[in-house]
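[1] sequence isn't available, so here's the structure alone:
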């Protein structure tokens, strides 16, 4: 009974960690946020939170948000792009354009990634101009000091291209210029590297009769709430690293509740994170700034913003020119690229753009091992299987001790049952007899549990890597699995495509009616693992053992195929490992007999005759 209890504890604990959060915490939080949304909208309608205010005696003017008055002005993205003059962007990794109205980076696509595995599938769209649903764009600019009427470029400013460069490439930067007509000439030199980092060098030529002081700012705006996985092992939403505030991760529902969150006199960077893509506004390393996360719903749509304003103004002397440089990341969350930016530019903990989780000290080495093996093997799915074997081998001594303890418990089980029956009415005496038996046979009842619990963080880290890894997205395995990051495309409820209907459209239970081949294989391996031991005498435990594989089969039906394959393989290795270790310790493993007993008809227990 003890060995069964240990297995159940290990499984239940890990599953509670994996799935309990999103069902019992995320759901209630979403409901509370929706209840508060109306109040938030009324408060936000009175004012646009705008940008973080500089640390100065007065207050800075808040520039208008691009397209804030007309988010649904265009029927399509193409119409919005055609409505303004633009400078094209073309690199090996990026395609898009810069909007000359506002000098916004609002059109960006990732050429190396497609929406589906099909060759003719559209490439990923990251940034979208204002005026259409799901707008997403970045801007840089200047804020005048308090009570200053200096005309600075804003969202309505139309910039001109200086020089003959019509396309931004990794080799050719683009220079934009705007004259405010009052003695200030603003220039922006925008360059991009071979991957996803834009460098924005802003300069101000002061032809007025006096000094001018302006604050540099950056802002990333996102309209409407994007669809997120809402899975607690990876953050999706506003985020950043802000000096001593460390990593800041906000859910979209958090901002709907808080409206605005400020971090004053800090350093770092901030932006938005999706599962595989991200944006981040980055001042030069060590720059002191005021940062802000805010949300409003004043125009009938969700407006999420992450922004910063530098706390030290740039002073441009009369007749002089001053410059300020900043950066914008907009692209795929490729670990090697992000780490290179952190090293080269000194961005504070920029590697946290990828959410490695609480167990990052295990997760990151696991990722490096996976990518190393993938480079040798050439198949990310096989690399996952290989890493699982390596981890099992490393933990073999612990597993051996665990299963040895379980074997010893099974060996003395007849004596334990005898003690329980003989002293069933004397609980203290029964416990004392049990302890004497453990001492005589040199058995520690807990020794079988701790080695299993110690392994859970390692396997959870591997699970996290598989879930968040961009490398697994659209990576093929074998046969019908052409995307390890997508669910198994087969479905037993359509007889694998023979019946032309969509079972997932069934009300209430439709989400559970996508059940492919690999989830079924996983369920079978889990069931076989349960059958390594005879069924427990306790009816409740026996019921758990019987239904747990079925429950997990349906729960994992819509999980990424890579995770399900990993789980099935891990179960298979566990069965092999446990069978080998227990046989080595002289314990009979009647796996086939235990399986056959499941299907044998149980004899009826005759009721005692009534007198």
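    In hand now; what should we look at? Predicted, not measured: the structure shown is a model, and the values here were computed from it.
[2] where do the helices sit along the stretch 501-611 of the chain?
    517-530, 539-555, 561-584, 591-599 (DSSP state H, counting those that start in this stretch).
[3] can you tell me which of those comes nearest to residue 454?
    Among those, the nearest to residue 454 by Cβ to Cβ is helix 561-584 (15.0 Å). C-beta here means a position set from N, CA and C on the backbone, and glycine is covered the same way.
[4] next, give phi and psi for the closest residue to residue 295 other than its chain neighbours.
    Using Cβ to Cβ, 6 or more residues apart in numbering and skipping residues adjacent in sequence, the residue nearest residue 295 is residue 255, 3.8 Å away. Main-chain dihedrals, residue 255, degrees, to the nearest 10: phi -70, psi -30.
[5] what's the spacing between the closest residue in space to residue 219 that isn't next to it in sequence and residue 242?
    Leaving aside its sequence neighbours, residue 219 sits nearest to residue 307 (Cβ to Cβ, 6+ apart; 3.9 Å). Distance, residue 307 to residue 242, by Cβ to Cβ, to the nearest Å: 12 Å.
[6] do the same with residue 531
    Taking Cβ to Cβ, one finds residue 531 at 52 Å from residue 242.
[7] same check on residue 471?
    For residue 471, the distance to residue 242 (Cβ to Cβ) stands at 29 Å.
[8] before we move on, the earlier item: between the helices of the stretch 501-611 of the chain, which one is closest to residue 371.
    That would be helix 561-584 among those, by Cβ to Cβ, at 14.0 Å.
[9] helices or strands up against the closest one?
    Counting contacts by 3 or more Cβ pairs under 8 Å, 6 or more residues apart in numbering; DSSP states H and E, helix 561-584 is packed against helix 380-394, helix 396-411, helix 450-468, helix 517-530.
[10] now the angle from that helix to helix 380-394?
    30 degrees (axes from the mean of the first three to the mean of the last three Cα atoms, to 10 degrees).
[11] buried residues, helix 561-584. List them.
    561-575, 577-579, 581-582 (16 or more other Cβ atoms under 10 Å).
[12] cool, stretch 384-399 as well?
    Quick answer for stretch 384-399 (16+ other Cβ under 10 Å): 384, 385, 386, 387, 388, 391, 392, 395, 399.
[13] got these as JSON lines, with distance to residue 405 and pLDDT columns?
    Shown next, in JSON lines, are the buried residues of stretch 384-399 (distance: Cβ to Cβ, whole Å; pLDDT from 0 to 100):
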{"residue": "384", "distance to residue 405": "30", "pLDDT": "92"}
{"residue": "385", "distance to residue 405": "28", "pLDDT": "94"}
{"residue": "386", "distance to residue 405": "29", "pLDDT": "94"}
{"residue": "387", "distance to residue 405": "27", "pLDDT": "92"}
{"residue": "388", "distance to residue 405": "23", "pLDDT": "90"}
{"residue": "391", "distance to residue 405": "21", "pLDDT": "88"}
{"residue": "392", "distance to residue 405": "18", "pLDDT": "87"}
{"residue": "395", "distance to residue 405": "15", "pLDDT": "83"}
{"residue": "399", "distance to residue 405": "11", "pLDDT": "75"}
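[14] point out where the stretch 151-300 of the chain drops to low pLDDT.
    The model of the stretch 151-300 of the chain has pLDDT under 70 over residues 230.
[15] residue 282: which of the helices of the stretch 501-611 of the chain is closest?
    Closest among these, using Cβ to Cβ: helix 561-584, at 31.8 Å.
[16] give me the secondary structure label for residue 262.
    What DSSP: H, G, I helix; E, B strand; the rest coil gives for residue 262 is strand.
[17] what's the least confident stretch among the helices and strands packed on helix 561-584?
    Looking at the helices and strands packed on helix 561-584, the lowest mean pLDDT belongs to helix 396-411 (a mean of 74).
[18] that helix packs against which elements?
    Using 3+ Cβ pairs under 8 Å, 6+ apart: helix 396-411 touches helix 2-15, helix 450-468, helix 561-584.
[19] what would the buried residues of stretch 384-399 look like in JSON lines with distance to residue 502?
    Output for the buried residues of stretch 384-399, formatted as JSON lines (distance: Cβ to Cβ, whole Å):
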{"residue": "384", "distance to residue 502": "30"}
{"residue": "385", "distance to residue 502": "32"}
{"residue": "386", "distance to residue 502": "36"}
{"residue": "387", "distance to residue 502": "36"}
{"residue": "388", "distance to residue 502": "34"}
{"residue": "391", "distance to residue 502": "38"}
{"residue": "392", "distance to residue 502": "39"}
{"residue": "395", "distance to residue 502": "42"}
{"residue": "399", "distance to residue 502": "43"}
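[20] which parts of stretch 355-370 are buried?
    Quick answer for stretch 355-370 (16+ other Cβ under 10 Å): 355, 356, 357, 359, 360, 362, 363, 364, 366, 367, 369, 370.
[21] so where does the first one fall, helix or strand?
    Secondary structure assignment for residue 355, by DSSP states H and E: no helix or strand.
[22] quick revisit: touching both of residue 307 and residue 242, which residues are there?
    270, 291 (Cβ atoms under 8 Å, 6 or more residues apart in numbering).
[23] surely the residue nearest to residue 219 meets residue 220?
    Yes: between residue 307 and residue 220 there is a contact under Cβ atoms under 8 Å: 7.3 Å.
[24] name the residues contacting each of these two.
    Here residue 307 and residue 220 share the contacting residues 270, 281, scored by Cβ under 8 Å, 6+ apart.
[25] which stretches of the stretch 301-450 of the chain form strands?
    303-310, 314-316, 321-332 (DSSP state E, counting those that start in this stretch).
[26] right, and those - which one's nearest residue 414?
    Of those, nearest to residue 414 by Cβ to Cβ is strand 321-332, at 60.4 Å.
[27] pLDDT wise, what is residue 442 at?
    For residue 442, pLDDT reads 71.
[28] offset the numbering so it begins at 6, please.
    Sure thing, new numbering starts at 6, so read that last one as residue 447.
[29] gap between the residue nearest to it when sequence neighbours are not counted and residue 442?
    Once flanking residues are discounted, residue 447 sits nearest to residue 413: 7.9 Å by Cβ to Cβ, 6+ apart. Distance from residue 413 to residue 442, counting by Cβ to Cβ: 11 Å.
[30] quick one: which of those two has more around it?
    Just comparing residue 413 and residue 442: by other Cβ atoms under 10 Å the higher neighbour count belongs to residue 413, 21 against 15.
[31] wait, the more buried one touches residue 445, no?
    No: the pair residue 413 / residue 445 is not scored as a contact, 11.4 Å apart, by Cβ under 8 Å.
[32] quickly list what's touching both of residue 413 and residue 442.
    With Cβ under 8 Å, 6+ apart, residue 413 and residue 442 have common neighbours residue 448.
[33] let me know the helix or strand that residue 490 is in.
    Per DSSP H and E, there is no helix or strand for residue 490.
[34] what's the distance between the residue nearest to residue 447 and residue 139?
    Using Cβ to Cβ, one gets 61 Å for the distance from residue 413 to residue 139.
[35] in a helix, residue 494, correct?
    No: counting by three-state DSSP, one finds residue 494 to be coil, located in no helix.
[36] just the ones in helices from the buried residues of stretch 360-375, please.
    With DSSP state H as the criterion, helices contain 365, 367, 368, 369, 371, 372, 374, 375 from among the buried residues of stretch 360-375.
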